[in-house]
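Engineer: sequence and computational prediction follow.
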Amino acid sequence: MDGPYSGRVHMYSQYRADLRRQVVIMELAAEGNPGQPNYRQAIPQLLDPAMLTFNSEKGMVITGFEELSGARYYQGWWLQWYHQLPDWFLATTRN
């Protein structure tokens with residue numbers, strides 16, 4: 001991954017026939033317009049997410065796995081929130 005991503009995080013449950021069970025899924029929805037040069041695709045869904053750490057002033061770590069080309073990659077997502085977007089992030093989204 002090439003740097004931080006931003007967007008809205010959604011979590012829901014869905015039956016997966018390949019896993020033969022109900023799976024909790026977390027996803028980061030892509031923001032912006034696909035026609036814009038600074039648009040970034042959303043990262044793969046995180047399956048079976050579990051909260052590892054939480055700090056109401058900083059963020060949280062969620063662990064789970066992503067599926068890419070039929071292989072599982074176990075990941076940890078650091079989700080951080082800001083009251084105001086930091087300058088380093090604004091610099092990455094400007095044209």
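Structural biologist: Looks like it arrived, so ask away.

Engineer: okay, CA-based contacts and neighbour counts for the rest of this
Structural biologist: OK.

Engineer: pLDDT below threshold where in the chain?
Structural biologist: 1-3, 30-41, 89, 92-95 (pLDDT under 70).

Engineer: how much space separates the residue nearest the centre of it from Ala17?
Structural biologist: With distances taken as CA atoms, centre = their mean, Leu28 lies nearest the centre of the chain, 3.8 Å away. As judged by CA to CA, to the nearest Å, Leu28 and Ala17 stand 23 Å apart.

Engineer: over to Trp88?
Structural biologist: Noted for Trp88: a distance of 42 Å to Ala17, by CA to CA.

Engineer: likewise Leu47?
Structural biologist: Applying CA to CA to Leu47 and Ala17 gives a distance of 14 Å.

Engineer: which of these two has more neighbours?
Structural biologist: When Leu47 and Ala17 are compared for neighbours, Leu47 comes out ahead with 22 against 9, by other CA atoms under 10 Å.

Engineer: does the more buried one lie in a helix or a strand, and which?
Structural biologist: strand 46-55 (DSSP states H and E).

Engineer: helix or strand for the residue nearest to the centre of the chain, which one?
Structural biologist: Applying DSSP H and E as the criterion places Leu28 in strand 21-29.

Engineer: chain center to that strand, what's the gap?
Structural biologist: Centroid separation between strand 21-29 and its chain, computed with CA atoms, centre = their mean, to the nearest Å, is 11 Å.

Engineer: stretch 48-56 now?
Structural biologist: For stretch 48-56, the distance to the chain centre is 13 Å (CA atoms, centre = their mean).

Engineer: other residues contacting it?
Structural biologist: Val23, Val24, Ile25, Met26, Met60, Val61, Ile62, Thr63, Gly64, Phe65 (CA atoms under 8 Å, 6 or more residues apart in numbering).

Engineer: from those, which would you call buried?
Structural biologist: Val23, Val24, Ile25, Met26, Met60, Val61, Ile62, Thr63, Gly64, Phe65 (16 or more other CA atoms under 10 Å).

Engineer: in the sheet, who's paired with the second one?
Structural biologist: Beta-bridge pairing of Val24, defined through DSSP bridges, involves Ser13.

Engineer: many thanks, I have nothing further to ask.
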